[in-house]
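Engineer: pasting the sequence and the predicted coordinates here, then a few questions.
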Amino acid sequence: MESSLLIDPLVRQEIEGGAHAAINLCWTCQSCTTECPVNLATNRLNPMKIVRMANFGLIDELISDPSIWYCQSCNRCIQVCPMTVKPVHVINYIRELILQKNLISRDTYQQFNDLLRRFHRVRRYGILTCLKKEKLSLSAEKFNELLNTPITPEEESVLMDFSSELSPSLLKTLNDADTFSCFTCSACSSSCPVFLERPLFEPQSVFRMANLGLTDKLLSSTWIWLCIGCQRCTDNCSQLVKGHATIESLRALAVKEDFVPVSFASQLKEMEKVIYPYLLDEIDKLLGLPLKDTAQKQN
Ligand code: SF4
Ligand code: SF4
Ligand code: SF4
């Protein structure tokens, strides 16, 4: 039997109008999919497929697709798309639609956001393991223990040592990213998704420490590796400090000055292959995914 796919142009227009994602420009190059960190770690989130489904007007299929909830909003798909398509905007639009249809309660949605926030505790543990040159092994029990164990501010406190000096490499890094223009208003921190788990990471403090030359502490810490590169700090800085670029350069400096090996970024990718599947399973459990049956009942 032949099967055919009927494209609904009205639904497609509705998605485009709501999401402002320029989906019609997608030429299916797959850059978003090959760069998505969640997909790299799990093979379970395909932003190109989501954009493709939106272009076909497959709204019911999108609503019931569990991967809509796997996105970490790192904006990487937007940054790499040569056609200025914004896959994550489609994802956020579909999530909003699911909430409007009451397929997921606001309370459950709150718990979902809380889970994403606490997941940064597991990321920190994974990064620390890599910094200690140890191999990460994780069980579901350990994953949950990490999720449920807050990091105390004391664990991440910094002893100020003003004897530090700015090295020429650091000076160049900070000049290139306009980091010295920071006047500590904290707009970067307020917009940072990782800062939601406050004791772990604060972008404004990272920039401040860099400006004060506290490099040894910074370059050996988990902070510069906890950033997910979403660029919200840069977009929200009135002083035009390029926060994400500062952190990227600090990572390069950590490699150059032997705080971490050249292979550190790929070690982190391997570590993410261990931790992300646990997160996605937790999301499935929490939200009762897939939502298909409920979605069809609603229509
Ligand atoms: S990167 Fe852009 S053009 Fe390429 S598949 Fe993804 S959305 Fe489409
Ligand atoms: S924003 Fe979401 S879909 Fe896009 S690259 Fe990041 S995790 Fe993947
Ligand atoms: S790019 Fe900026 S806002 Fe995004 S995670 Fe990194 S520090 Fe936070």
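Structural biologist: Arrived safely. Numbers count the residues shown, from 1 in each chain. Ligands and ions are numbered 1, 2, ... in the order given.
Engineer: need the residues that contact stretch 120-137.
Structural biologist: Contacts made with stretch 120-137 from outside it, assessed by C-beta atoms under 8 Å, 6 or more residues apart in numbering, are listed as 143, 146-147, 149-151, 194, 196-197, 200-201, 220, 222, 225-226, 260, 264, 267-268, 271-272, 274-275, 278-279. Yep, even glycine has a C-beta here, placed from its N, CA and C like the rest.
Engineer: same thing with stretch 260-280?
Structural biologist: 37-38, 40-42, 44, 70, 115, 119, 122-123, 126-127, 129-131, 136-138, 140, 143, 225, 251, 254-255.
Engineer: off-centre distance for that stretch?
Structural biologist: Shown here is stretch 260-280, whose average C-alpha point lies 14 Å from the average C-alpha point of the whole chain (C-alpha atoms, centre = their mean, to the nearest Å).
Engineer: okay, buried residues for it please.
Structural biologist: Applying a neighbour-count criterion of 16 or more other C-beta atoms under 10 Å, one finds 260, 264, 267-268, 271-272, 274-280 buried in stretch 260-280.
Engineer: output that stretch as PDB, nothing but the C-alphas.
Structural biologist: Taking only C-alpha atoms (Å, rounded to 0.1, in the frame of the first residue of the first chain), the coordinates of stretch 260-280 have been written out as PDB:
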ATOM      1  CA  VAL A 260      44.000  20.700  31.200                       C
ATOM      2  CA  PRO A 261      45.200  18.500  28.400                       C
ATOM      3  CA  VAL A 262      44.500  19.300  24.700                       C
ATOM      4  CA  SER A 263      42.000  16.400  24.700                       C
ATOM      5  CA  PHE A 264      40.000  17.900  27.500                       C
ATOM      6  CA  ALA A 265      37.100  19.000  25.300                       C
ATOM      7  CA  SER A 266      36.700  15.500  23.900                       C
ATOM      8  CA  GLN A 267      36.900  14.000  27.400                       C
ATOM      9  CA  LEU A 268      34.000  16.300  28.300                       C
ATOM     10  CA  LYS A 269      32.000  15.000  25.300                       C
ATOM     11  CA  GLU A 270      32.600  11.400  26.400                       C
ATOM     12  CA  MET A 271      31.500  12.400  30.000                       C
ATOM     13  CA  GLU A 272      28.300  13.900  28.500                       C
ATOM     14  CA  LYS A 273      27.600  10.500  26.800                       C
ATOM     15  CA  VAL A 274      27.400   9.100  30.300                       C
ATOM     16  CA  ILE A 275      25.300  11.700  32.000                       C
ATOM     17  CA  TYR A 276      22.800  12.800  29.300                       C
ATOM     18  CA  PRO A 277      21.000   9.500  28.900                       C
ATOM     19  CA  TYR A 278      20.200   9.500  32.600                       C
ATOM     20  CA  LEU A 279      18.800  13.000  32.300                       C
ATOM     21  CA  LEU A 280      16.600  12.100  29.300                       C
END
